[in-house]
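Undergrad: my questions concern the predicted model and sequence given below.
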Amino acid sequence: MMELNDRELGRIVVTPNRRAKNVIARRKEDHIRLTVPYGFNPKRIPFLLQELRPRLLRLKPPPAIRLTEEDMITSLTFEARLVRDPFQTTIRLTLKEGQLRIFVPDEMDITRDEVQQTIRRAITGVLRMEAKRVLPLKTALLAQKHHLTFGRVRISSSGTRWGSCSTRKNINYSLYLMLLPEQLIDYIVLHELAHTVEMNHSERFWQLLDGMCGGKAEELRRETKKFQSDGYRFLAGK
């Protein structure tokens, strides 16, 4: 993945994808994402932008997702809601028994961009904390079950991939992985653990992963690829 800034187009994120056969351009809330075939020569990007510029300038970003008192964000370990509190003067959080409450003053205009950003950062901070608590343990348990070994587990704020595995068997997860249903979280963990044996997406890799997933690897891959939720869009800006 690489990023660049264009005077007219703004922030551009270029993401290689092994399954992409053509260049795909999408306008996100705060950037343009270009998905390019794996192995795409980065030196071609200036020429690609020049060719696509008229179309990219016409792309409109999706409407911004705003969190209100009626909304709920669901993660693996908690549900987040906004709560009006007449006794509060600032935004305050509590996390208890799987319930994350974001208390906001009665008079606060929660539709303002800066308030939404504060709420987003607050929930993301808890999500990161929970990811660090849960995902390394889940990885260890699934690795033990399938007799695999791995190095360290890191948590990032990547919005372009759920996970990755290095040649040293270190595994990196996006904190947004916690927003998926648990069966899809387990699939991503198993996917990265399979990479500790097979580093590429060869036929042997998919056979190994399919065995670990009870013959449902392709079905789970499709579900993961299609996953969307308003909570994910709000937090990750998707």
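TA: Nice, thanks for sending it over. Residues are numbered from 1 along each chain as shown.
Undergrad: gap between residue 158 and residue 42?
TA: In this view, residue 158 and residue 42 are 19 Å apart by Cβ to Cβ, to the nearest Å. The C-beta positions use only the backbone N, C-alpha and C, and glycine is treated the same way.
Undergrad: more neighbours, these two?
TA: Taking neighbours as other Cβ atoms under 10 Å, residue 158 and residue 42 compare with residue 158 leading, 17 against 12.
Undergrad: which ones are touching the closest residue to that one other than its chain neighbours?
TA: Spatially, and ignoring its direct neighbours in sequence, residue 158 is nearest to residue 174 (4.3 Å; Cβ to Cβ, 6 or more residues apart in numbering). Residue 174 makes contact with 155-159, 161-163, according to Cβ atoms under 8 Å, 6 or more residues apart in numbering.
Undergrad: confidence-wise, which of these comes last?
TA: pLDDT across the contacts of residue 174 is lowest for residue 159, at 81.
Undergrad: report how many residues lie close to that residue.
TA: Neighbour tally, residue 159, other Cβ under 10 Å: 19.
Undergrad: ok, residue 144 next?
TA: 10.
Undergrad: flag every buried residue along the helix or strand containing it.
TA: Using DSSP states H and E, residue 144 falls within helix 113-145. By neighbour count on 16 or more other Cβ atoms under 10 Å, the buried set for helix 113-145 is 115-116, 118-120, 122-124, 126-128, 130-131, 134-136, 138-139, 142-143.
Undergrad: which helices and strands does the next helix or strand after it pack with?
TA: Where DSSP H and E defines the elements, the next helix or strand beyond helix 113-145 is strand 153-156. With contacts taken as 3 or more Cβ pairs under 8 Å, 6 or more residues apart in numbering; DSSP states H and E, strand 153-156 sits against helix 113-145, strand 171-174.
Undergrad: any chance of TSV for the ones you listed, columns mean pLDDT?
TA: Shown next, in TSV, are the helices and strands packed on strand 153-156 (pLDDT from 0 to 100):
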stretch	mean pLDDT
helix 113-145	97
strand 171-174	97
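Undergrad: mind putting those into a markdown table with distance to residue 226?
TA: Below are the helices and strands packed on strand 153-156 laid out as a markdown table (distance: least, Cβ to Cβ, whole Å):
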| stretch | distance to residue 226 |
| --- | --- |
| helix 113-145 | 21 |
| strand 171-174 | 17 |
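Undergrad: so which of those gets nearest residue 6?
TA: Comparing those against residue 6 with Cβ to Cβ, the closest turns out to be helix 113-145 (22.9 Å).
Undergrad: which parts of this protein are strands?
TA: 2-6, 10-17, 24-27, 32-37, 73-74, 79-85, 92-96, 99-105, 153-156, 163-165, 171-174 (DSSP state E).
Undergrad: would you mind writing the CA trace of the second one as CSV?
TA: What follows is the C-alpha trace of strand 10-17 in CSV, where atoms were taken according to Å, rounded to 0.1, in the frame of the first residue of the first chain:
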residue,chain,number,x,y,z
GLY,A,10,-6.5,15.1,-2.3
ARG,A,11,-5.3,12.0,-0.5
ILE,A,12,-5.0,8.9,-2.6
VAL,A,13,-4.4,5.4,-1.2
VAL,A,14,-3.1,2.8,-3.7
THR,A,15,-3.8,-0.8,-2.6
PRO,A,16,-2.5,-3.9,-4.5
ASN,A,17,-4.9,-6.8,-4.5
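Undergrad: sheet partners, orientation included, of it?
TA: Note on strand 10-17: by DSSP bridges, its sheet partners are strand 2-6 (antiparallel), strand 32-37 (parallel).
Undergrad: pLDDT on the first one, on average?
TA: Throughout strand 2-6, pLDDT has a mean value of 83.
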